[in-house]
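Asker: build me a model from this:
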Amino acid sequence: MPGYGQTVGLTRRERLLYSSNSLGGEALSRARSTWLVFYYAPPSDADLEELLPLGLIGVLLFIANLVEALDDPIIGHWSDRTRSRLGRRLPFILGAAPLWALFAVLLFTPPPNAGVALTAAYLFVIFELHHLFGTMASGPYESLLPEIARSTEERLSIVGMRVYFGAAGALVGLVGSGLLVDFANFQIMAVVMALIGLTARYVGAIGIWRRASRSRATVDISLKQSLRLTFDNRYFLLFLPTFVLFSAGLQMMLGVLPFYASAILETDNEGTWVAVLTATAIAVQLATVPIYQRYARRHSKRRAYRVAMLLGVVTFPLLALGGVLPVAPVEAQTIFLLALAGLPLAGIFLFPAALTADIVDHDTRATGMRREASYFGSQNFVEKTATSFAPLLVALILLLGNTTESSLGVRLVGPVAGLLVLIGLWIFRDYDLADDVPTGVPIAGTGDSPRKPGLQE
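Answerer: This next block holds a predicted model:
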């Protein structure tokens, strides 16, 4: 493919810098996802003013996520078709990242004394703009992976580094945000996280500038044709629901932690305890990365991904037992349960991008086109559409009880998250695409034949 062979043989420096973006992205996204609902709709026994009713904010974020998910396939296809002296990806990354960071801050600065209607409208609009520019900055960036990393070894190396950087970012975003909330305020927390996210995005782009600027194998088909090809890919259809359900389960677990600290641990220092609990899970995640990588190299990425999902099925529901067991103080029980819940986390950060890169190679073999951003955009569209149910589902479950006196809703979130992962594991059972898919020869057993660009309707 034009300009494609030049990306073979990434240096360690390039892998590190490209992967370092995950630190900022995770810091910002985890801080936002953990505290946004809590900021606008705190529990009744928290020392915060309620800006919006809990049910309303759940519905609002659900609708907002559905609407903004439409951006992903459009921007992905736009990036695949872009021609510029900086290639297909860099113009999006450089132009959109500052606005992504700006609107992240504005999420936590609603107009004072505005009333429910104006506050709800403000949150909806700012949320949409934050995610629009986030998609423009992150989608093309993520789509560089299949282009610059050509083998399973390179891809596992990069995604492994991304897990470590992402874990560091999660520590910064979850632990740091909790401490900033307790010792400063939500606005300072948002500014700090936005600056970290923006800096990391630019450092990563500069690190692979030479290779990213050579991303010029443009696609000349319509959005409709591109979507049809993408959703004709059997392996994409088997993988996508598993990733969506796994991600939704994780988002539910993160979203309930402030409520868990308030209702189960009965503490007024929700931020500090969210920091402690997330630090515990992240420490376990980091410790298991080399184990997952060795297992994937010895067997396959798909098999290692199944192991991670199975661990999620088993460990996520155990969070319901915090404070119930008589063997230890509730704080010790909760830390132990969060350590168990950390066992599957490396899998959800380590394998999806590498599996999608294999699926892109399969598509290239079949179509003769490089459509990385179309795949990642379509994947993000479906993921965001489906996981937009996560905050709504958490909000609805919490209506069953989110206080110390009535904690049923808080305890049910873990089992529901585990059920979602179980459904994903069942769907993934038929996925059998081999690692290192060749793009220039037929794939044994598929019966596919290469297609040419410019498909007819």
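
Asker: right, and the helix or strand after the host helix or strand of E14?
Answerer: Using DSSP states H and E, E14 sits in helix 12-40. Counting by DSSP H and E, the next helix or strand C-terminal to helix 12-40 is helix 54-68.

Asker: now the angle from that next one to helix 12-40?
Answerer: With axes from the mean of the first three to the mean of the last three C-alpha atoms, to 10 degrees applied, the angle from helix 54-68 to helix 12-40 works out at 140 degrees.

Asker: identify each buried residue in helix 54-68, please.
Answerer: Buried residues in helix 54-68, counting neighbours by 16 or more other C-beta atoms under 10 Å, are found at L54, L56, I57, G58, V59, L60, L61, F62, A64, N65, V67, E68. From N, CA and C alone the C-beta is placed, and that goes for glycine too.

Asker: residues contacting the second one?
Answerer: Put plainly, it is L56. Contact partners of L56, counting by C-beta atoms under 8 Å, 6 or more residues apart in numbering, are A41, V116, A120.

Asker: Provide a list of residues in contact with the last one.
Answerer: A120 makes contact with L52, L56, I57, L60, according to C-beta under 8 Å, 6+ apart.

Asker: state the distance from it to V394.
Answerer: Relative to V394, A120 is positioned 18 Å away (C-beta to C-beta, to the nearest Å).

Asker: repeat that for the second one.
Answerer: Distance check for V116 against V394: by C-beta to C-beta, it reads 21 Å.

Asker: swap in the first one?
Answerer: If you measure A41 against V394 using C-beta to C-beta, the figure is 11 Å.

Asker: ok, now which ones touch the nearest residue to F108 once chain neighbours are set aside?
Answerer: Nearest non-adjacent residue to F108, counting by C-beta to C-beta, 6 or more residues apart in numbering: A190, 4.1 Å away. The contact partners of A190, taken as C-beta under 8 Å, 6+ apart, are A31, R32, A104, V105, L107, F108, T109.

Asker: go with 7 Å
Answerer: Applying C-beta atoms under 7 Å, 6 or more residues apart in numbering to A190 gives the contacts A104, V105, L107, F108.

Asker: can you tell me which of those residues has the most neighbours?
Answerer: A104 (25 neighbours; other C-beta atoms under 10 Å).

Asker: and the host helix or strand of the residue nearest to F108 with helix 12-40, angle?
Answerer: Under the criterion of DSSP H and E, A190 resides in helix 186-207. Computed by the same axes, to 10 degrees, the angle separating helix 186-207 from helix 12-40 equals 160 degrees.

Asker: starting at the chain centroid, how far to helix 186-207?
Answerer: For helix 186-207, the separation from the chain centroid amounts to 17 Å (computed by C-alpha atoms, centre = their mean, to the nearest Å).

Asker: buried sites along that helix?
Answerer: Buried residues in helix 186-207 (16+ other C-beta under 10 Å): 186, 189-202, 204-205, 207.

Asker: what of stretch 358-372?
Answerer: For stretch 358-372, by 16+ other C-beta under 10 Å, it's 358-367, 369-372.

Asker: quick one on the thing from earlier: which members of the contacts of A190 occur in helices, if any?
Answerer: Judged by DSSP state H, helices contain the following of the contacts of A190: A104, V105.

Asker: how about the contacts of A190 in TSV, adding distance to A320?
Answerer: Formatted as TSV, these follow (distance: C-beta to C-beta, whole Å):
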residue	distance to A320
A104	32
V105	35
L107	30
F108	31
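
Asker: tell me which of the contacts of A190 is nearest to R298?
Answerer: A104 (40.3 Å; C-beta to C-beta).
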